[in-house]
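Q: requesting a structural model of the entry that follows:
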Amino acid sequence: METKPKDSTNIDATNLDTESIIKKTVEDNLTSLYKLQLIYSKIDKIRVIRGELPLEVRDLEDACSGINIRIDKFKDMINDFQAQIEEKQQIMKKANALILRYKEQLENIKNNREFEALTKEIDYQNLEIQLSEKKIKEFNIKITEKQEEIGNLENEYNIFKQELEQKETELNTIIAETKKEETLLLDKIKQLEESIEPRLVNAFMRIRNSMRNGLSVVKIERDACAGCFSKISPQRQLDIRMHKKIIVCEFCGRILVDDEIASISEDLLKDIL
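A: A predicted model of the protein is given here:
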């Protein structure tokens, strides 16, 4: 029985189709990833416009909050001093009443021992009054000091509050001006991420979060990685242009694309960039 030879032409065609599909898939992924990078970079620029304002606002809020806490603490101390003053005033009132009673008793004493005992009690109550007066004076001085500190803190608070309101106004103005654009870009990111394999999105975000400039996907510029500026060999550049697989920079780990992918991505996003 004669066996028919396999058709090599069909095998070659099948292999070619498979390579084309793989290449197309890689190209789509690279294009989507670079589009994602372009949009994130646009958002980064928008947020740079805000500069240090969000941090300044937060610092001023913390400063105002800290001052209020200190003011409340001083007010509590003043209330405590006033309570102690009232306590000392009650002691003085009680001592004066006792002195009056002892003086009345002095008029009816019968012997020297009673006289000495009453005299000692009067002296003791006078001493209580003197000590209470001294404490009241000390508490009043402390109250005055705390009131002055509260006054200084309130002045400091008003300065910070005025600066905070100014910074908040600036920040809200910038946010209002860029909110619509940022929302549009974030919606576009969500759409893009849904069309990309989750593992690639995760890899993209992992790289982005590890880079100070937020660049995960970069072009080849002047035969070098546009992220870390390390030279890329001619053979590796050729592999990148072939679009057969996703290639990362050997030095910084960023995903590399050629001018063709970059150009296609930029054209697709020209309406929002």
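Q: contacts for the strand of greatest length in the chain next, please.
A: In the chain, taking DSSP state E as the definition, the longest strand is strand 217-221. With contact meaning C-beta atoms under 8 Å, 6 or more residues apart in numbering, strand 217-221 is reached by 30, 33-34, 36-37, 204, 225-227, 232, 237, 240, 249, 254-259, 262. From N, CA and C alone the C-beta is placed, and that goes for glycine too.
Q: just stretch 167-183 next, same as before
A: Ile43, Ile46, Ile49, Arg50, Leu53, Pro54, Glu56, Val57, Leu60.
Q: what's the answer for stretch 110-124, then?
A: In contact with stretch 110-124 (C-beta under 8 Å, 6+ apart) are residues Leu98, Ile99, Tyr102, Lys103, Gln105, Leu106, Ile109.
Q: show me what counts as buried in it.
A: Using 16 or more other C-beta atoms under 10 Å as the test for burial, stretch 110-124 gives Leu118, Ile122.
Q: give me the distance from it to the chain's centre.
A: Computed by C-alpha atoms, centre = their mean, to the nearest Å, the chain-centroid distance of stretch 110-124 equals 73 Å.
Q: export that stretch to CSV, keeping only CA atoms.
A: Taking Å, rounded to 0.1, in the frame of the first residue of the first chain, the C-alpha atoms of stretch 110-124 are listed here in CSV:
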residue,chain,number,x,y,z
LYS,A,110,-12.4,80.3,132.5
ASN,A,111,-8.7,79.5,132.6
ASN,A,112,-5.4,79.9,130.8
ARG,A,113,-5.4,76.5,129.2
GLU,A,114,-8.7,77.3,127.4
PHE,A,115,-7.2,80.6,126.3
GLU,A,116,-4.1,79.0,124.9
ALA,A,117,-6.1,76.3,123.1
LEU,A,118,-8.4,78.8,121.5
THR,A,119,-5.5,81.1,120.6
LYS,A,120,-3.7,78.2,118.9
GLU,A,121,-6.8,77.3,116.9
ILE,A,122,-7.2,80.9,115.8
ASP,A,123,-3.5,81.0,114.7
TYR,A,124,-3.9,77.7,112.9
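Q: show me where the stretch 151-273 of the chain has its strands.
A: Taking DSSP state E, counting those that start in this stretch, the strands of the stretch 151-273 of the chain run over residues 217-221, 224-225, 255-257.
Q: and the shortest one, what does it pack against?
A: Strand 224-225 is packed against no helix or strand, with contacts defined by 3 or more C-beta pairs under 8 Å, 6 or more residues apart in numbering; DSSP states H and E.
Q: mind checking pLDDT for Glu168?
A: pLDDT for Glu168: 94.
Q: correction: the previous question concerned Arg199.
A: Arg199 is given a pLDDT of 94.
Q: how far away is it from Glu27?
A: In this view, Arg199 and Glu27 are 18 Å apart by C-beta to C-beta, to the nearest Å.
Q: then Asn111?
A: Taking C-beta to C-beta, one finds Asn111 at 121 Å from Glu27.
Q: same check, this time on Met211
A: Counting by C-beta to C-beta, the separation of Met211 from Glu27 is 24 Å.
Q: ditto for Leu268
A: Leu268 is 13 Å from Glu27, by C-beta to C-beta.
Q: can you list the low-confidence ranges for the chain?
A: 1-24 (pLDDT under 70).
Q: how about the residue with the largest distance to the centre of it, secondary structure?
A: The outermost residue of the chain relative to its centre, with distances by C-alpha atoms, centre = their mean, is Lys110 at 82.6 Å. When classified by DSSP: H, G, I helix; E, B strand; the rest coil, Lys110 comes out as coil.
Q: go through the contacts of stretch 167-183 and name the one nearest Lys137.
A: Among the contacts of stretch 167-183, Leu60 lies closest to Lys137 (C-beta to C-beta), at 39.8 Å.
Q: quick one on the thing from earlier: and the contacts of stretch 167-183, which are buried?
A: Looks like the contacts of stretch 167-183 have Ile43, Ile46, Leu53, Glu56, Val57, Leu60 buried, using 16+ other C-beta under 10 Å.
Q: just curious, which of the residues you listed is nearest to Ala83?
A: Among the buried ones among the contacts of stretch 167-183, and counting by C-beta to C-beta, the member closest to Ala83 is Leu60, at 34.9 Å.
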